[in-house]
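> Fold the following, please.
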Amino acid sequence: MNAKIVSINISDKKGIRKKTVDTALLRTNYGIEGDAHASEKWHRQVSLLAIESIKKMQDMGLKVGSGDFAENITTEGIDLLRLPIGTKIFISDNVKLEVSQIGKVCHARCAIYEQAGDCVMPKEGIFAKVLKGGTIKKGDTIRVVSSQ
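Sure thing, here's the model as predicted:
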C-alpha cells in the first residue's frame, strides 16, 4: 500500500479537536497556515497520527475520527512510531518535513481526552518541523527517507 494523507486538520486554538480541510499551506519553519500549533519558536510545527491508530480507538468503541486527536495530518500506510527523529517525510515531492519528536507527555487530561474518553496522540503521534513548505491535499502521497 502506498502511504498517503487521509485527512488534513486545523484549529485556531490548542487542545481541541481539529476541523478537516481540503487543502493546507505549510510554511517553511512555521507549520500549517491558520493552525494554532504553527510557530517558528518550536519543533512541534506539524503533528501526524496514523488512521490505523484512530481505528484502534474506534475498535474500543470510541466514536472518533480524523482530527479528533488534534493531529494536523492523518496518514495511512506508515508506521509512524518506527520513524526515528531526523527522518525526512516528503509529501507529493513538494513539501519536506523532518521528524522532531515521537509522542508527547500530557500533564493533564486535555479537552480531547475529556471528549473522546482517551487520547492516542501522546503514545502514537509524532511531530515534525517544516523544512520546505507548499500546499498539501487529501490523497497526496507520502514518501519516507531514512535519517541514516
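> CA atoms for contacts and neighbours, from now on please.
Fine.
> now stretch 39-49, how far from the chain's geometric center?
From the chain centre to the centre of stretch 39-49 is a distance of 9 Å (CA atoms, centre = their mean, to the nearest Å).
> Need the contact partners of it.
The contact list for stretch 39-49 (CA atoms under 8 Å, 6 or more residues apart in numbering) reads 29-32, 37-38, 71-75, 80, 100-101, 121, 124-130.
> CA atoms only: put that stretch into CSV for me.
C-alpha atoms of stretch 39-49 as CSV (Å, rounded to 0.1, in the frame of the first residue of the first chain):
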residue,chain,number,x,y,z
SER,A,39,5.2,28.7,15.2
GLU,A,40,8.7,29.5,14.3
LYS,A,41,9.6,29.1,18.0
TRP,A,42,9.3,25.4,18.5
HIS,A,43,9.9,22.0,17.0
ARG,A,44,6.3,20.7,17.0
GLN,A,45,5.1,22.6,14.0
VAL,A,46,3.1,19.8,12.5
SER,A,47,1.6,16.7,14.1
LEU,A,48,0.9,13.4,12.4
LEU,A,49,-1.2,10.4,13.5
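> what residue ranges in the protein are flagged as low confidence?
For the chain, the stretches with pLDDT under 70 are 1, 104-122, 147-148.
> Show me the strands in it, by range?
4-10, 19-21, 23-27, 31-32, 46-50, 73-76, 88-91, 95-102, 126-132, 134-137, 142-145 (DSSP state E).
> need the ones you listed in TSV with mean neighbour count and distance to Gly61, can you?
As requested, the strands of the chain are exported to TSV (neighbours: other CA atoms under 10 Å; distance: least, CA to CA, whole Å):
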stretch	mean neighbour count	distance to Gly61
strand 4-10	23	21
strand 19-21	16	21
strand 23-27	19	30
strand 31-32	28	31
strand 46-50	27	18
strand 73-76	25	20
strand 88-91	22	32
strand 95-102	22	26
strand 126-132	23	24
strand 134-137	18	29
strand 142-145	16	29
